[in-house]
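Peer 1: Sharing a model that was predicted from the sequence below.
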Amino acid sequence: MRILAASTLRAAALLAGFLASAGAFAHAHLQQQTPAADSTVNASPQALTLSFSEGIETRFSGVTLSGPQQNSVATGKLALSDDNKAQLVVPLAQPLSPGDYTVDWHVVSVDGHKTKGQYHFTVK
């Protein structure tokens, strides 16, 4: 009976330690983007904005935009929003012509974790 109680106590302590440290293993997850994923916009945006679950290191992060026929689209320098260090702003060098676009992104969060992804939108 004591062995079972000790094993149960150890398992509970291990689980509590894991749950308490879960935040330390967090990654920057894309929470919102403009234009929104799978959306159709009536006019070209002036910039792409990507909002993450935690702060981003711009030196180790990047965003590429591909347009119709997978042609690369020129963008300006990636920057953090002035009032939100978890939001990337990617200015567009020129207005986007009508068509389907793909945004590929990779980021390193302030705690050093890497994440990447992609989404699509359409300009009418």
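Peer 2: Good, I have the coordinates. Residues are numbered from 1 along each chain as shown.
Peer 1: Flag the shaky bits of the protein, pLDDT-wise.
Peer 2: 1-25 (pLDDT under 70).
Peer 1: all helices for it, in order.
Peer 2: 2-21 (DSSP state H).
Peer 1: hang on, isn't residue 45 packed against residue 34?
Peer 2: Yes: with contact defined as Cβ atoms under 8 Å, residue 45 and residue 34 form a contacting pair (6.7 Å). Where you see a C-beta, it was placed from the backbone N, CA and C, and this is true even at glycine.
Peer 1: Of all the residues in stretch 69-85, which ones are buried?
Peer 2: 73, 75, 78, 80 (16 or more other Cβ atoms under 10 Å).
Peer 1: Just the CA coordinates for it, please, in PDB.
Peer 2: Taking C-alpha atoms only, stretch 69-85 is exported to PDB below (Å, rounded to 0.1, in the frame of the first residue of the first chain):
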ATOM      1  CA  GLN A  69       2.200  32.000 -61.000                       C
ATOM      2  CA  GLN A  70       4.200  31.800 -57.800                       C
ATOM      3  CA  ASN A  71       6.200  35.000 -58.700                       C
ATOM      4  CA  SER A  72       8.000  36.600 -55.800                       C
ATOM      5  CA  VAL A  73       6.500  39.900 -54.700                       C
ATOM      6  CA  ALA A  74       8.800  42.700 -53.500                       C
ATOM      7  CA  THR A  75       8.200  43.800 -49.900                       C
ATOM      8  CA  GLY A  76       9.800  46.400 -47.600                       C
ATOM      9  CA  LYS A  77      11.800  45.700 -44.500                       C
ATOM     10  CA  LEU A  78      10.100  43.500 -41.900                       C
ATOM     11  CA  ALA A  79       9.400  45.500 -38.700                       C
ATOM     12  CA  LEU A  80       7.700  45.100 -35.300                       C
ATOM     13  CA  SER A  81       4.600  47.200 -34.700                       C
ATOM     14  CA  ASP A  82       5.500  50.200 -32.500                       C
ATOM     15  CA  ASP A  83       3.000  49.300 -29.800                       C
ATOM     16  CA  ASN A  84       3.000  45.500 -30.100                       C
ATOM     17  CA  LYS A  85       6.200  43.500 -30.100                       C
END
